[in-house]
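# Provided below are the primary sequence and the corresponding predicted coordinates.
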Amino acid sequence: MQHYWDRPLTWGTAGIFALGAVAVLAVVIVFVTYAIYFERKVIGWMQFRKGPNRVGPFGLLQTVADVAKLLLKEDTIPAKADRALFVLAPALAFIPSFLVLAVIPYTRHLQFADLNVGFLYYIALSGVSTIAIVIGGWSSNNKYALLGGMRSAAQMISYEVPLVMSVVGIAMMTGSLNLRDIVEAQQGYFWHWNFLPQIVGFAVFVVAAVSELNRTPFDLPEAESELVAGYHVEYSGFRFAFFMLAEYVYMYAIACLTTILFLGGWNPPIPQLDFIPGLIWFILKFLLVVFFLFWIRATFPRLRVDQLMGLAWKVLLPLAILNIFLTAAGMEIFGARG
Amino acid sequence: MIRTEELLLNVGPQHPSTHGVFRIIVKLDGEIITEATPVMGYLHRGTEKLAENLNYTQIIPYTDRMDYVSAMTNNYVLCHAVEKLMGLEVPERAEFLRLIVMELQRIASHLVWWGTYLLDIGALSPFLFAFSDRETILNLFNELCGARLTYNYMRVGGVKWDAPEGWIDKVKNFVRHMHGKLDEYHALVTGNEIFLSRIKGIGKYDADTAIAYGLSGANLRCTGVKWDLRKNEPYCIYDRFEFDVPVGQNGDCYDRYMVRLEEIRQSLRILEQALEQFPEGGETMGKVPRVIRPPEGEIYVRIESPRGEIGCYIVSKGKAEPYRLKFRRPSFVNLQILPKLLIGENMTNLITILGGIDIVLGEVDC
Amino acid sequence: MSEEENKPGETKPEAAEPAEAASPRPAGEPPEGGAPAASERRPLTEEEKAARRQAAAERAAARAGAARGAASGGAAGDAGGPEAPPKPPSPNQPLLDRAVQLLREQIAEDAVVEAWINEPNDHLPTLVLKGEYWPQAARLFRDHAEFGCRYLRNMAGVDCETHMEVVYHLLNMDTGRNYCVKIRTDRDRPSVPSATPVWETANWNEREIYDLLGVDFPGHPDLRRIMMPDDWVGHPLRKDYVPLDPEV
């Protein structure tokens, strides 16, 4: 894909980019469909019940039916809501989630756009969704939505900082923010993958990532039992579908990012297994991260808002900074790949 | 010029966590509650007024529907009141059956409370586990009296249906199974860091406040007051069995949680003893006149329901219908402390505290 | 109207027989003169109301006599009539006597209108107090070392056709003693001083009694309807309540 970027832009290359984007979109949509299905199934199994199993063979068409229902619903906009913002919010939530997928490398050769500041691009764009949530909460003209939007803004801003800082250690060790280079630097055995040398950073990243996704145990903005769905309480139909889509696409993106940054991307755990294509390894690790997210959702209760903020600023941020110092010290003592 | 305002938020009456149709009007300053006003009466069905036109046996189904999560204890309080007023003897087998179903009901009610409380706090799975165990209990009740929730099982002078063949063994199996489950629940939830930080230190009050507000049940025992009507004012055949009364110390939500889970364990203990001593044969109904006409007078009886002290005050004028029937409902009295506890708390803690008081709206409104 | 009394006049000097509210009456006893049956609910005529008031007053007089006798601690002699042999004195009789004595000493001589033991209810000492002394009496019940009733178990309102009654069941948790206190008030403008300053439990209970029976509680911090909607007219639990929409 990369060599198309280097050529001057013509209708042909533009067409190729468009096709590539559609391909990525298609993959993501298929993922979202089955991620929702498997989330319900896995959580169901953990709760001694079967998940959906009626619609289609083994319930595989459940999400399709749900999305069809959402699309067929009446498009209600509350009477005193701010129409322009109300309509803008779901789109604004979804678009950055899709845009960040451009920099994810699946294998050495399979990547949409190879940016030297790939990780920075990711973080910068994912921050735009925070605005979308606040807009959604405000424009709904509903106190519950407003509370949810405010909580969410506070949460997401607070957790961006440890998220980014936990990756600084990796950037120091690799010497680059380019996602492909980060994966290339993890070649070798599985103990060369970044999750071991950067174990503190890994822990901070995982916690911050779950919080960025607004998933349990950090799902205050959508705390069903308190705020009755928080910032998207007034949304129904396809606008609600957009918010949900944005959440799951972000889950895809974060899972990919975790795999790339900490779990070695497409590298096999031992080099002798490299006859299995790297894409398969990538997918396996990715699925492991996604399963882990489902698992914590089924298990943990929710954190309170002040405890959440306390956790971000008083625990994760100091840990992330500590991680940077330790990495710097380690690099001085052991050399760059110590 | 930036100005902040207080927000008036309406929690309920349709809300996933208010455990029924219950409304709290909350004045918020940011996320802190400055004032909370409960509004109830959405489920008021006029049970006490209706009772003045019905004879005592006809009132029993109405009692089921008051505290619908714990219907057996409601049945019992009414039957016990009439029996005491009339001086009727209840046969041994009936007393045992009554005790067994009441303790099973206590376990079922606490399981509902546990599951829904954790659901409010955000953990999705314990709800399913609790209800799966409760299913076993409801199936037992279904075999016994044909209903899963509103049993209409007890009658003045005894019980309506005898235990079918093999029922006692099934209860024994359940008791064995539940001991292990309780340990699992403790392992899954009680030690969880997030859960503890949500619950410890929330909604604290001391023993004097609890007594002044007339709290009962786990709400009273969590402050250290050892008052359980099954021990202090024994009724039915509770004085024959050995069990402990779990008592907390701090009066916060965590203590209420632990007291209730311990109560499940003690109920299992009572059940084991009762099942062992269960009489072989015997009548299920005592000698009761065909028309139940208590003599003129009045009586107030109270028993320990899973929520606290449920009482029945009957004024009888010698007729088949009560002249005045009043139920002292524990959820109604326990709920009074809510506005006091909520001041200065977070919105999130509102749900935690409300869940910890364990109310059932059918009982609050009667 | 005197056939209502089953304590003929001769037993008044028979001091120890406690006048019980719970003594069984023959089932076929006709109701008080000409009162409408429970199924018809027409308002009572003036004569019927007067007749009931007189019957109630006579009963009260009989019980007050017995209570006076009980309070002076007379012996259980079989002095008077050849009627039923006197029942053994209730084990809680001394408690009742002491309660009446304390109230008489500390509050007022006429504070206690009636006092008896309710036998089926585990020999519950039951007292009827005068409404105007209730705030002080409530404090006495809560604070005095011999009462120590810090726990208000139950509060109920009863619409007796001639008057309204508010019943309080009190508990001393340390000794396990129970007392029942009744306050009577007239039906047209019922008013009982609020017990909320003494026991916080009374707060919503009083609101419920106000809502359903119409009893006013001066001194209550926030007396408004609790069960019925705020704009409801009437007090549903009253015996003469006519709903606005009887077809429903």
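Perfect, thanks for sending it. Bear in mind the structure is a predicted one, so any value in this text is a computation, not a measurement.

# can you give me the end-to-end distance of stretch B:186-204?
Distances were taken as Cα to Cα, to the nearest Å; on that basis the terminal residues of stretch B:186-204 are 22 Å apart.

# so that stretch, near chain A or not?
Yes - interface with chain A: stretch B:186-204 contributes B:188, B:189, B:192, B:194, B:195, B:197, B:198 (Cβ under 8 Å from any Cβ of the partner chain). Where C-beta positions appear, they are placed from N, C-alpha and C, glycine not excepted.

# roughly how far is that stretch from the heart of the chain?
Averaging C-alpha coordinates over stretch B:186-204 and over its chain gives two centres that are 22 Å apart (Cα atoms, centre = their mean, to the nearest Å).

# give me the pLDDT for the residue of chain C found nearest chain A.
Taking Cβ to the nearest Cβ, chain A has its nearest neighbour within chain C at residue C:230, 22.9 Å off. The per-residue pLDDT reported for residue C:230 equals 87.

# give me the distance between it and chain B.
The span separating residue C:230 from chain B equals 9 Å under the rule Cβ to the nearest Cβ, to the nearest Å.

# re earlier: what's the most distant pair in the residues of stretch B:186-204 next to chain A?
Within the residues of stretch B:186-204 next to chain A, B:188 and B:197 form the most distant pair, 16.5 Å apart (Cβ to Cβ).

# what about residue B:246, distance to chain C?
Distance of residue B:246 to chain C, computed by Cβ to the nearest Cβ: 18 Å.

# quick one: classify that residue as helix, strand or coil.
Using DSSP: H, G, I helix; E, B strand; the rest coil, the three-state assignment for residue B:246 comes out as coil.

# gap between it and chain A?
23 Å.

# that residue: neighbouring residues, count only.
Neighbour count of residue B:246, defined by other Cβ atoms under 10 Å in any protein chain shown: 20.

# was I right to think it contacts residue B:263?
Yes - using Cβ atoms under 8 Å, residue B:246 makes contact with residue B:263 at a distance of 6.0 Å.

# quick check: mean pLDDT across stretch A:217-232?
Averaged across stretch A:217-232, pLDDT comes to 67.

# same question for stretch A:77-84.
pLDDT averaged over stretch A:77-84 equals 86, rounded to a whole number.

# mind listing what's buried in it?
For stretch A:77-84, a neighbour-count test (16 or more other Cβ atoms under 10 Å in any protein chain shown) marks A:77, A:78, A:81, A:82 as buried.

# helix or strand for residue C:126, which one?
Per DSSP states H and E: residue C:126 is located in strand C:124-129.

# kindly apply the preceding question to residue C:156 instead.
Mapping residue C:156 onto the secondary structure by DSSP H and E places it in strand C:151-160.

# buried residues, the very next helix or strand once past that strand. List them.
Reading on from strand C:151-160 to the C-terminus, the next helix or strand found by DSSP H and E is strand C:163-172. Of the residues in strand C:163-172, those with enough neighbours to count as buried (16+ other Cβ under 10 Å) are C:163, C:164, C:165, C:166, C:167, C:168, C:169, C:170, C:171, C:172.

# and strand C:163-172, anywhere near chain B?
Yes - contact of strand C:163-172 with chain B is found when judged by Cβ under 8 Å from any Cβ, involving C:167, C:169.

# still on that earlier bit, tabulate the CA atom coordinates of the strand holding residue C:126 in PDB.
Listed next in PDB are the C-alpha coordinates belonging to strand C:124-129 (Å, rounded to 0.1, in the frame of the first residue of the first chain):
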ATOM      1  CA  LEU C 124     -49.400  -6.000  77.100                       C
ATOM      2  CA  PRO C 125     -49.900  -3.100  79.500                       C
ATOM      3  CA  THR C 126     -52.200  -0.700  77.700                       C
ATOM      4  CA  LEU C 127     -52.800   2.800  78.800                       C
ATOM      5  CA  VAL C 128     -55.000   5.500  77.400                       C
ATOM      6  CA  LEU C 129     -53.600   9.000  77.900                       C
END
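
# what mean pLDDT does that strand have?
Taken as a whole, strand C:124-129 has an average pLDDT of 91.
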